[in-house]
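Peer 1: my questions concern the predicted model and sequence given below.
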Amino acid sequence: MPRLLVINGPNLNLLGTRQPEVYGTTTLAELEDLCTTWAATAGFEIDTFQSNHEGALIDRLHAARTTADAVIINAGAYTHTSYALHDAILAIELPTVEVHISNVAEREPWRALSVIGPACERQIYGRGVEGYRWAVEHLAALLSSPPRTVHYGPLDDHVADLRVPDEPGPHRVAVLVHGGFWRHYWTREIMDGLAVDLTAHGWATWNIEYRRVGAGGGWPLTALDVALAVDHLADLAGDADLDLDRVAVIGHSAGGHLALWDAARATQPSGTVGSDPLIHPRVAVGLAAISDLHAAADVGDGAVGAFLADAPSHADLYRSASPIEAVPFGIPTVLVHGDADEAVPVDLSRSFAEAARHGGDSVELIELAGVGHMELIDPTHPAWIATREALDRAC
């Protein structure tokens with residue numbers, strides 16, 4: 001069984017009482033219990049450690065060389081100053097995820113700097129204590145099914161993780177587009193579980209990153225990144241033995257918006273945003289998708305407004321940016337939505353399905369009773385099993 005070390009640095013012993021409006025009310029002991037539960041679910045043995053002293057943190061990292069297979073570290077304020085911790089993380093040569101409870105990118109400017117970040121495999125911040133759970137699940141996916149990370153463009157966020165089944169191809173391809181209301185503190189690792197599951201079921205997976213709101217993204221740049229990432233499959237097809245006639249684009253929440261938008265590219269007049277694609281998906285899948293930007297104006301605490309904030313204002317903005325305005329797509333669509341979703345209302349998928357069918361598209365709407373928002377990207381949940389079965393039917 002793989003072994004996981006969770007390290008917490010200075011002042012984290014005061015969790016629960018220290019600035020609860022920033023760090024929440026969960027105590028360190030409660031956090032360590034949560035990490036133990038999450039680790040067990042992911043198949044890890046776990047050890048936890050906390051210290052307010054830089055040297056003790058370095059010594060514990062050194063000891064991990066022979067006692068751990070992966071590390072999660074919240075270095076507290078040492079994140080911004082300790083090159084010694086940076087060097088220790090590099091020296092132990094273990095996959096390490098840096099975690100922060102608060103949204104460090106939007107606090108004091110000095111908190112946005114991480115000197116340990118370049119030594120870490122991933123940085124997760126701004127998700128409360130749940131960030132540790134995402135780190136656990138990411139490391140489990142990384143150890144069980146290591147991806148090949150590829151740059152599909154020139155920018156830092158122009159990266160994606162490619163996983164290819166062990167059996168001979170050509171392989172169907174699932175493009176995975178993560179959600180998070182287009183905001184910068186949500187990243188592609190939240191789709192790792194689906195990528196590992198699909199690869200185990202014979203799909204090549206292409207789990208893409210893109211520029212997000214607050215980090216250089218927004219309309220249309222975010223959508224153009226997705227288009228560039230999807231089209232990059234043409235460059236990978238020969239080496240990875242990909243079947244480009246059997247590509248599914250799958251997105252969750254705001255990623256569902258981007259997946260549906262990408263599916264519509266081929267129907268748009270030449271010269272419009274993202275038109276003239278190299279890759280033509282066979283099916284588009286929206287998991288609790290934000291399929292109508294007008295109707296979603298109040299969703300996600302103003303997420304749509306922030307996404308469109310820097311877009312040139314013109315009469316056709318929603319026509320170019322909102323998937324429901326672009327139907328019919330000319331390809332089948334699968335929509336999966338829980339009727340207990342409090343983040344993205346199920347009515348968005350119902351309305352999109354009606355509009356797409358009226359336009360002549362084939363639409364399968366899978367509406368799940370009592371299911372919320374995040375269950376749709378849990379690879380063990382019946383909601384995802386139903387989605388994978390619909391994918392097999394469509395592609």
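Peer 2: Nice, thanks for sending it over. Numbers count the residues shown, from 1 in each chain.
Peer 1: who does the longest strand along the chain pair up with?
Peer 2: Among the elements of the chain assigned as strand by DSSP state E, the one spanning the most residues is strand 242-252. According to DSSP bridges, strand 242-252 forms sheet pairs with strand 171-177 (parallel), strand 283-287 (parallel).
Peer 1: please identify the most buried of the ones you listed.
Peer 2: Across the strands paired with strand 242-252, averaging neighbours per residue (mean count of other CB atoms under 10 Å) puts strand 283-287 on top, at a mean of 30. Glycine gets a C-beta too; all of them are placed from N, C-alpha and C.
Peer 1: may I see the buried residues of the next helix or strand along the chain from that one?
Peer 2: Towards the C-terminus, the helix or strand next in line after strand 283-287, according to DSSP states H and E, is helix 303-308. Counting neighbours by 16 or more other CB atoms under 10 Å, one finds that the buried residues in helix 303-308 are 303-304, 306-308.
Peer 1: redo these as TSV? Include pLDDT.
Peer 2: Putting the buried residues of helix 303-308 into TSV (pLDDT from 0 to 100) gives the following:
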residue	pLDDT
A303	97
V304	96
A306	96
F307	96
L308	95
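Peer 1: return the member of the residues you listed nearest to S291.
Peer 2: Set against S291, the nearest of the buried residues of helix 303-308 by CB to CB is V304 (11.8 Å).
Peer 1: enumerate every residue touching that closest one.
Peer 2: For V304, the contact set (CB atoms under 8 Å, 6 or more residues apart in numbering) comprises 290, 293, 296-297.
Peer 1: then G179?
Peer 2: Under the criterion of CB under 8 Å, 6+ apart, the neighbours of G179 are 186, 190, 251-256, 288.
Peer 1: quick one, grab the pLDDT at it.
Peer 2: Reading off the per-residue confidence, G179 sits at a pLDDT of 98.
Peer 1: show residues contacting the lowest-mean-pLDDT helix or strand in the chain.
Peer 2: When the helices and strands of the chain are scored by mean pLDDT, DSSP states H and E, helix 317-321 comes last with a mean of 82. Contacts to helix 317-321, defined as CB under 8 Å, 6+ apart, come from residues 219-220, 223, 261, 268, 272-273, 293-294, 308, 311, 325-326.
Peer 1: what's the answer for stretch 19-30, then?
Peer 2: With CB under 8 Å, 6+ apart as the test, stretch 19-30 has contacts from 8, 12-17, 34, 50, 101-102, 128-129.
Peer 1: make JSON lines from those residues and add pLDDT to it.
Peer 2: Converted to JSON lines, the contacts of stretch 19-30 look like this (pLDDT from 0 to 100):
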{"residue": "N8", "pLDDT": "98"}
{"residue": "L12", "pLDDT": "98"}
{"residue": "N13", "pLDDT": "98"}
{"residue": "L14", "pLDDT": "97"}
{"residue": "L15", "pLDDT": "97"}
{"residue": "G16", "pLDDT": "96"}
{"residue": "T17", "pLDDT": "96"}
{"residue": "L34", "pLDDT": "98"}
{"residue": "Q50", "pLDDT": "98"}
{"residue": "I101", "pLDDT": "98"}
{"residue": "S102", "pLDDT": "97"}
{"residue": "G128", "pLDDT": "97"}
{"residue": "V129", "pLDDT": "98"}
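Peer 1: turn these into JSON lines, including neighbour count, distance to H62 and secondary structure.
Peer 2: Written out in JSON lines, the entries for the contacts of stretch 19-30 read as follows (neighbours: other CB atoms under 10 Å; distance: CB to CB, whole Å; DSSP: H, G, I helix; E, B strand; the rest coil):
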{"residue": "N8", "neighbour count": "26", "distance to H62": "17", "secondary structure": "strand"}
{"residue": "L12", "neighbour count": "19", "distance to H62": "20", "secondary structure": "helix"}
{"residue": "N13", "neighbour count": "17", "distance to H62": "22", "secondary structure": "helix"}
{"residue": "L14", "neighbour count": "13", "distance to H62": "26", "secondary structure": "helix"}
{"residue": "L15", "neighbour count": "24", "distance to H62": "25", "secondary structure": "coil"}
{"residue": "G16", "neighbour count": "15", "distance to H62": "29", "secondary structure": "coil"}
{"residue": "T17", "neighbour count": "10", "distance to H62": "31", "secondary structure": "coil"}
{"residue": "L34", "neighbour count": "16", "distance to H62": "26", "secondary structure": "helix"}
{"residue": "Q50", "neighbour count": "21", "distance to H62": "17", "secondary structure": "strand"}
{"residue": "I101", "neighbour count": "23", "distance to H62": "25", "secondary structure": "coil"}
{"residue": "S102", "neighbour count": "19", "distance to H62": "28", "secondary structure": "coil"}
{"residue": "G128", "neighbour count": "14", "distance to H62": "30", "secondary structure": "coil"}
{"residue": "V129", "neighbour count": "17", "distance to H62": "27", "secondary structure": "coil"}
